[in-house]
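**Student:** whatever this is, show me its structure:
(4 chains)
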Number of protein chains: 4
Amino acid sequence: MTTRLTTKIGSVDGDDIFVRGHNLLDVLDRYDFTEILYLVLVGGLPDKNAKRMMNILLVSAVDHGMTPGAVAARLTLLGAPEGLQAALGAGLLGAGSRYVGAIELAATLLGKTIAERSDWAPDRFEEAAKRIVTDHRARKKSIPGFGHPFHKSIDPRTARMLDVARECGFFSKHCMLAMALSAQASDVFGRPLPLNAQGAKAGIVLDMGLTPAFAKAVTLVGRCGGLLAHLLEEQEQPMSGAIWELIRKASEPEKD
Amino acid sequence: MTTRLTTKIGSVDGDDIFVRGHNLLDVLDRYDFTEILYLVLVGGLPDKNAKRMMNILLVSAVDHGMTPGAVAARLTLLGAPEGLQAALGAGLLGAGSRYVGAIELAATLLGKTIAERSDWAPDRFEEAAKRIVTDHRARKKSIPGFGHPFHKSIDPRTARMLDVARECGFFSKHCMLAMALSAQASDVFGRPLPLNAQGAKAGIVLDMGLTPAFAKAVTLVGRCGGLLAHLLEEQEQPMSGAIWELIRKASEPEKD
Amino acid sequence: MTTRLTTKIGSVDGDDIFVRGHNLLDVLDRYDFTEILYLVLVGGLPDKNAKRMMNILLVSAVDHGMTPGAVAARLTLLGAPEGLQAALGAGLLGAGSRYVGAIELAATLLGKTIAERSDWAPDRFEEAAKRIVTDHRARKKSIPGFGHPFHKSIDPRTARMLDVARECGFFSKHCMLAMALSAQASDVFGRPLPLNAQGAKAGIVLDMGLTPAFAKAVTLVGRCGGLLAHLLEEQEQPMSGAIWELIRKASEPEKD
Amino acid sequence: MTTRLTTKIGSVDGDDIFVRGHNLLDVLDRYDFTEILYLVLVGGLPDKNAKRMMNILLVSAVDHGMTPGAVAARLTLLGAPEGLQAALGAGLLGAGSRYVGAIELAATLLGKTIAERSDWAPDRFEEAAKRIVTDHRARKKSIPGFGHPFHKSIDPRTARMLDVARECGFFSKHCMLAMALSAQASDVFGRPLPLNAQGAKAGIVLDMGLTPAFAKAVTLVGRCGGLLAHLLEEQEQPMSGAIWELIRKASEPEKD
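**Tutor:** Numbering: from 1, shown residues only, chains lettered A, B, ... in the order given. Here you go, the predicted model:
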């Protein structure tokens, strides 16, 4: 008996290529990239609302200026100009538990909290949120999806995305819990701790019936676009040499 | 005087995020991901034809079954399940000069050949193609964008993509040269060496007025989608353990 | 006022290169690589015992046959033969919380347990070990550093490394706790759960007065050697094509 | 018939681990890391001279201060503090054709030139060197292994390494060609173009009877040590936040 490796993602059969069971030739010019991304990640095509929401998840992740990832990507291209994919890889490797990857942690927190009980009512959200905030505070841990290094008051993308989520029917338990968390956190810490874009997207993705890992995957695809834009610009108008010089000038060996 | 690092890709200004000069809030729900990808990579929004073509470039790159990259990504997740981005990174790192990355080499070859002279006429394509084929044969090098490990006769995506390119006005010099190359190569080598999907896309991208690096960037974004689909499936239904066992069973230390 | 970036690791001053304050010219032919690795990672040169132990930590990590990392590295080289460093990178990215990277988790567990109280006596180790085992069992989590996919009874490297640790004066609290954990785990689970090489090295590194991160760093340097050996062999005698074929043959699209 | 995957690097057989045919238990405390690295990469143990030279190749590669790789590694750790191996990976990915990886290109150039003819005499080196310099100048390409961004006159490591190479019997044709290249390059370009450390090591490795890929592999292992030292320091005394702030302050969106 031999081990069989079965995948639903895709396959090649002679001259035919299949993606999630669809012949690539049948979908190539019929569905757009957002739909195919949803298809390949989720397993079925999105309806109109899911597609609209998916687009926003992707577009909002594309770029955030000169992030640590964009800088790491550019510095990698400086040393290995022959490998665009490796510079992209270097830029993605920092999408871990902080910044970009926080969306997965936020979604996991929201999902776990909601999954613990089935009888949610508005007052329960407050109670659950208070418990989470108090618990994180006691352990001196930040709550993923809240607060932002630049946007002290509110992340401009958050409000807009939640509005669209409402229109599309994706504002439900998880989004409500996310908002309750923000209110409680600001209350407990005595300063605004707004729901940031990652936290809002985490709630929306779960209210779409999808998973924390999906939330992170979509964010990574979006961010690839921005990182590659930085890299194509770097090829035409390099700035990595100037970045390196800036750092060298600011560096000095520490005297013991 | 201090060094200034200027980028056109994106920036953050207080509560506002800008992508290529557009406030993210203005474009978030207005343009779709394909348009924003084009915007961020190229600098302006695509027209209807460029958008249609761009979609096809992305969709056709999404997946090709259990590629070396998909396997590398899955094996990486086996050892580091906590970092989706690192497994994605491992899957992308093999998108070099062979397979996925061949599109950049093919586009560079087509672009350089066309750029060398301005007075192209149909018979010149044949002549140029013959020269390139003969030269590669003499140096025992394969011509990037031609032939395929699976598709011996014709890559099913090629014909379709060229048809759409014709409809969209993106079938011009570079595509013609690519087709001439295929004809000459098959003639010289005495067996079909069809233009593959990478080669066709290389010609199309150049006939869209874009660059080899853009061709590769678009391919990488598309492939990210497929790799992440493999990884989300791997999280739910792992097969990397079975892959490893398969390899272990087939392995044995070489006796000197 | 400008930000200063100060590092003790190394610097360049005109024609002089410094590593941890030593002029590279003074150490280049005087200390061996193991000593310089210790110097750069820890801050000072190792004494005779620390050097002997450090060597064993490195050598024991070099290779473990056709690991998932070695396979991922080879498959990456298949697609990007031009970038040895990227294939090495792909092979390292799976050194996460399972396999190779488990040493850091094991060391963190041992370190935290020991740090919690200062009055350790032999009977306390048993008690602490029992508590940890019971706790992990209740949470259905495996204990990092114990058990092994191949070595059911005992990891051959473990006993030897602990012997040397004893000779060198590095068998103390953390190693004792590790051994107590193994005994308790085998007892509670009713089958041998031997201290594996990662677990033993975790205890030894802490008893050398060093950190979990150091344990992981040393393991990564050692493993780089093995991964690069696989890659140089792959360049001369490729097997990645055969690996891919093996996987393709065993793959089939899952029928819904 | 089944495909067999045979490797000489290492294997696991029940409780025994083999590296290049040696039982790990037999070599663990007998040979040092430098010897085992040589064994695993080359296939046999080094003699005294090869070991001395190998040590110098490794030690000289460890660190060069705040290189682009060290910065990329630190910035990656900022976003993904949970994955030391991914930050190391990001730091390695830039070891391409420029900086660190130049050693492979230099060795390839020297090796190819020497291989082309068997009847080398001192005056031939000058002639061959002149031809290479003239050819590179005409194509406006830099010669890998010559010149350095910081060290305008001479790389301090070069002279010392060549002295040791002479003592060890590894100063032969390839080193002579490298020195002739430096002399000719300085002559043709009218300014000092000293043989740098990468160029010298390239010549030495070939005169040890080893390959360009080996030269690069050894450099990568050495550099891993330095990158990990930067990362352990970053964990204790982070500077990546300050680096990011420095870049953000110097950044501004480009006005069209």
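
**Student:** look at residue A:52 and say how many residues are nearby.
**Tutor:** Around residue A:52 there are 18 other residues, counting by other Cβ atoms under 10 Å in any protein chain shown. Backbone N, C-alpha and C define where each C-beta goes, glycine included.

**Student:** how about it, nearest residue that isn't a chain neighbour?
**Tutor:** Using Cβ to Cβ, 6 or more residues apart in numbering or on different chains and skipping residues adjacent in sequence, the residue nearest residue A:52 is residue A:168, 5.9 Å away.

**Student:** contact partners for the one you found?
**Tutor:** By Cβ atoms under 8 Å, 6 or more residues apart in numbering or on different chains, the contact set of residue A:168 is A:49-50, A:52-53.

**Student:** 6 Å instead?
**Tutor:** By Cβ atoms under 6 Å, 6 or more residues apart in numbering or on different chains, the contact set of residue A:168 is A:49, A:52-53.

**Student:** ok, now residue A:46?
**Tutor:** Taking Cβ under 6 Å, 6+ apart, we find residue A:46 in contact with A:38, A:54.

**Student:** now do 8 Å
**Tutor:** A:34-35, A:38-39, A:54.

**Student:** same question for residue A:37.
**Tutor:** Going by Cβ under 8 Å, 6+ apart, residue A:37 touches A:54, A:58, A:218, A:221, B:33, B:62, B:225.

**Student:** any idea how chain A splits into domains?
**Tutor:** Structural domains annotated on chain A: A:1-46, A:99-210, as defined by automatic domain parsing.

**Student:** including mean pLDDT, could these go into CSV?
**Tutor:** Shown next, in CSV, are the domains of chain A (pLDDT from 0 to 100):
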stretch, mean pLDDT
domain A:1-46, 91
domain A:99-210, 88
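
**Student:** chain center to the host helix or strand of residue A:50: distance?
**Tutor:** For residue A:50, the element it lies in under DSSP states H and E is helix A:48-59. Offset of helix A:48-59 from its chain centre (Cα atoms, centre = their mean, to the nearest Å): 13 Å.

**Student:** the helix or strand just after that helix near chain C anywhere?
**Tutor:** Once the chain leaves helix A:48-59, the next helix or strand it forms, by DSSP H and E, is helix A:68-79. No. Using Cβ under 8 Å from any Cβ of the partner chain, helix A:68-79 stays clear of chain C, coming no nearer than 9.1 Å.

**Student:** what helices and strands are in contact with the helix or strand just after helix A:68-79?
**Tutor:** Following helix A:68-79 in sequence order, the next helix or strand is helix A:84-92 (DSSP H and E). Contacts defined by 3 or more Cβ pairs under 8 Å, 6 or more residues apart in numbering or on different chains; DSSP states H and E place helix A:84-92 against helix A:68-79, helix A:212-236, helix B:84-92, helix B:212-236, helix C:84-92, helix D:84-92.

**Student:** same thing but 6 Å
**Tutor:** Applying 3 or more Cβ pairs under 6 Å, 6 or more residues apart in numbering or on different chains; DSSP states H and E, one finds that helix A:84-92 contacts helix A:68-79, helix A:212-236, helix B:84-92, helix B:212-236.

**Student:** report the buried residues of stretch A:134-147.
**Tutor:** Within stretch A:134-147, the residues that qualify as buried are A:136, A:143-147, counting by 16 or more other Cβ atoms under 10 Å in any protein chain shown.

**Student:** now intersect the residues you listed with the strands, please.
**Tutor:** Within the buried residues of stretch A:134-147, no residue falls in strands by DSSP state E.

**Student:** okay if I get those residues as TSV plus distance to residue C:194?
**Tutor:** Converted to TSV, these look like this (distance: Cβ to Cβ, whole Å):
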residue	distance to residue C:194
A:136	38
A:143	40
A:144	37
A:145	42
A:146	44
A:147	45
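
**Student:** dump those residues to CSV, plus distance to chain D.
**Tutor:** Listed next are those as CSV, based on distance: Cβ to the nearest Cβ, whole Å:
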residue, distance to chain D
A:136, 17
A:143, 17
A:144, 13
A:145, 16
A:146, 17
A:147, 15
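
**Student:** of those, closest to residue B:252?
**Tutor:** When the buried residues of stretch A:134-147 are compared for distance to residue B:252 (Cβ to Cβ), residue A:144 wins out at 46.9 Å.

**Student:** I figured the closest one hits residue A:106, correct?
**Tutor:** Yes. With contact defined as Cβ atoms under 6 Å, residue A:144 counts as touching residue A:106 (4.3 Å).

**Student:** how about the strands of the stretch 151-256 of chain A, start to end?
**Tutor:** Along the stretch 151-256 of chain A, counting by DSSP state E, counting those that start in this stretch, strands occupy A:251-253.

**Student:** so which bits of it are right by chain B?
**Tutor:** Residues of the stretch 151-256 of chain A lying near chain B by Cβ under 6 Å from any Cβ of the partner chain: A:151, A:156, A:160, A:164, A:213, A:216-217, A:220-221, A:224-225, A:228-230, A:232-233, A:235, A:239, A:242, A:246.
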